[in-house]
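[1] this is the structure alone, sequence omitted:
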């Protein structure tokens, strides 16, 4: 029902998706707002800024609740933990940080990237963290110890976006090399590369059931990708897919460009596979 945006005018805004009307402005940063995220319960907003801070806001009133200060450079990415108790921030200072949402206290820093941390995401069970960086890699971290578990190397440009499958077994990365990649999270193995954008892939998101994902590029409309069936046959039942469920992603698509899985449930077809 709602959309949140961050801007170079140093504010974040809440919008009504049905009408396009601005509902509320969140002002308080002294630098560009580079990232925003909504809490799992929909009550709070967090914003990251080039002023080196993140801020927690009451979504209903627009009131600033807390500032998270500790990075030595701009905050480029933010994410809430699945239980809404913690916040993670990624920064141009090459680190990610874990924060207690209630107290504002920094719990742990994750250091290991050689360039800015452009994207962060919690695992669905909240036990580990994934980060994407300008050093062309993604990394998996132990949330309890801060230890790096694995590096995912294969892109030839910045990793702008990371997303995890609902079962926590797979990772999707989007990069400035105009591709997205699917990885086995446990082994670090690259499973497949998805090409087709003519500009960098700035954002990736998986559907709630993990059957497909969306990429947003710098020069084209969003692209829909069906995930390789063989890697998901253990966790996804072969049944026809209800296309209107795509609205769960909050994006609009040209429906004629999307085919349902065949009625026998044998495989999925997407626009790229029909060529």
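    Noted; the coordinates are in hand. The model shown is predicted, which means the values in this text are computed figures rather than measured ones.

[2] surely residue 184 meets residue 168?
    No. Here residue 184 does not reach residue 168: they are 11.5 Å apart, not a contact under C-beta atoms under 8 Å. Quick note: C-beta positions are derived from backbone N, CA and C, even for glycine.

[3] what's the separation between residue 205 and residue 218?
    16 Å (C-beta to C-beta, to the nearest Å).

[4] compare those two and say which is more crowded by neighbours.
    When neighbours are counted by other C-beta atoms under 10 Å, residue 205 and residue 218 differ, and residue 205 comes out ahead with 19 against 13.

[5] element containing that one, please.
    Per DSSP states H and E, residue 205 falls inside strand 201-206.

[6] give the next helix or strand downstream of that strand.
    strand 212-217.

[7] and the following helix or strand past that following strand, what does it pack against?
    Downstream of strand 212-217, the first helix or strand assigned by DSSP H and E is strand 223-226. Packing partners of strand 223-226 (3 or more C-beta pairs under 8 Å, 6 or more residues apart in numbering; DSSP states H and E): strand 212-217.

[8] ok, back up a step: quick one, the strand holding residue 205 and strand 212-217 angle?
    Angle of strand 201-206 versus strand 212-217, following axes from the mean of the first three to the mean of the last three C-alpha atoms, to 10 degrees, is 170 degrees.

[9] how much space between residue 22 and residue 179?
    Distance from residue 22 to residue 179, by C-beta to C-beta: 35 Å.

[10] actually, residue 162.
    Relative to residue 179, and taking C-beta to C-beta, residue 162 is found at 14 Å.

[11] more crowded one of these two?
    Set side by side, residue 162 and residue 179 show more neighbours around residue 162, with 27 against 20, by other C-beta under 10 Å.

[12] that one pairs with what?
    Bridge pairing for residue 162 (DSSP bridges) gives the partners residue 173.

[13] and the pLDDT for it?
    The score at residue 162 is 97. That number is its pLDDT.

[14] do the same with residue 1
    For residue 1, the pLDDT comes out at 82.

[15] around the spatially closest residue to it that is not a sequence neighbour, how many other residues sit close by?
    Leaving aside its sequence neighbours, residue 1 sits nearest to residue 17 (C-beta to C-beta, 6 or more residues apart in numbering; 5.9 Å). Using other C-beta under 10 Å, residue 17 has 10 neighbouring residues.
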